[in-house]
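Participant: Sharing a model prediction with you, sequence too.
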Amino acid sequence: MSDATALDHANAMIEKAWGRPVAELEKSAPCLPVEDPMLRAAMHHRSHLVVVSNSAAVHQERLHALTRPGHVPAFYDLDRITASASALRTAYAESNTAIQMIRHIVDARELALQAQSGLGAERVKAATTRTTNSPRPLGPPAAQPTPPIAAVPTPSTANQR
């Protein structure tokens, strides 16, 4: 079984996608949020993963201490064991969610880079220039008067006999 943690997998994905070490990316991510928002999002999820990984390690150590070999847990330890196991499961689930988020960000970055260099990018640029050059009016033009509302008698809602 591999000893690689979720944080190691996240680091590998981020380093592969951006082509630089994580330590260098950590320094540049907060400084350039506008230039590369996907990097900032990936590093944000990575920092959440660091916290969750530490939490999982603490809960796992606590669970191992409560269930060590040769130790018969006391009655009051059963609640602690259950709580630690539940917290450990929650930490693993949060860790998997953070990994999936990083994977989605990396995939979105790859698709965005492909779209910038492909024919789809030319279509998007053409469409955005068309829409930015001619603003769409929100209502009827000011030169045309609005048509009058037809006066239609409303039926009474009272019960007639």
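Facilitator: Perfect, thanks for sending it. Numbering: from 1, shown residues only.

Participant: which other helices and strands contact the lengthiest helix in the chain?
Facilitator: Longest helix in the chain by number of residues (criterion: DSSP state H): helix 77-117. With contacts taken as 3 or more Cβ pairs under 8 Å, 6 or more residues apart in numbering; DSSP states H and E, helix 77-117 sits against helix 6-18, helix 37-66. For every residue, glycine as well, the C-beta is placed using N, CA and C.

Participant: would TSV of those helices with mean neighbour count and mean pLDDT be doable?
Facilitator: Formatted as TSV, these follow (neighbours: other Cβ atoms under 10 Å; pLDDT from 0 to 100):
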stretch	mean neighbour count	mean pLDDT
helix 6-18	18	92
helix 37-66	17	92
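
Participant: any chance of the ones you listed in a markdown table, plus distance to Ser84?
Facilitator: Formatted as a markdown table, the helices and strands packed on helix 77-117 follow (distance: least, Cβ to Cβ, whole Å):
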| stretch | distance to Ser84 |
| --- | --- |
| helix 6-18 | 19 |
| helix 37-66 | 4 |
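
Participant: nearest to Lys27, of the ones you listed?
Facilitator: Among those, helix 37-66 comes nearest to Lys27, with 10.0 Å by Cβ to Cβ.

Participant: packing partners for that closest one?
Facilitator: helix 6-18, helix 22-28, helix 77-117.

Participant: and among the ones you listed, the most buried is which?
Facilitator: helix 6-18 (a mean of 18; mean count of other Cβ atoms under 10 Å).

Participant: Could you tell me the model confidence score at the residue lying closest to Thr67 once chain neighbours are set aside?
Facilitator: Spatial nearest neighbour of Thr67, chain neighbours left out: Ile81 (6.4 Å); criterion: Cβ to Cβ, 6 or more residues apart in numbering. Model confidence at Ile81, expressed as pLDDT, equals 90.

Participant: my read: Ile81 touches Leu66, true?
Facilitator: Yes. Between Ile81 and Leu66 there is a contact under Cβ atoms under 8 Å: 5.0 Å.

Participant: any residues in contact with both of the two?
Facilitator: Residues touching both Ile81 and Leu66 (Cβ atoms under 8 Å, 6 or more residues apart in numbering) are Pro73.
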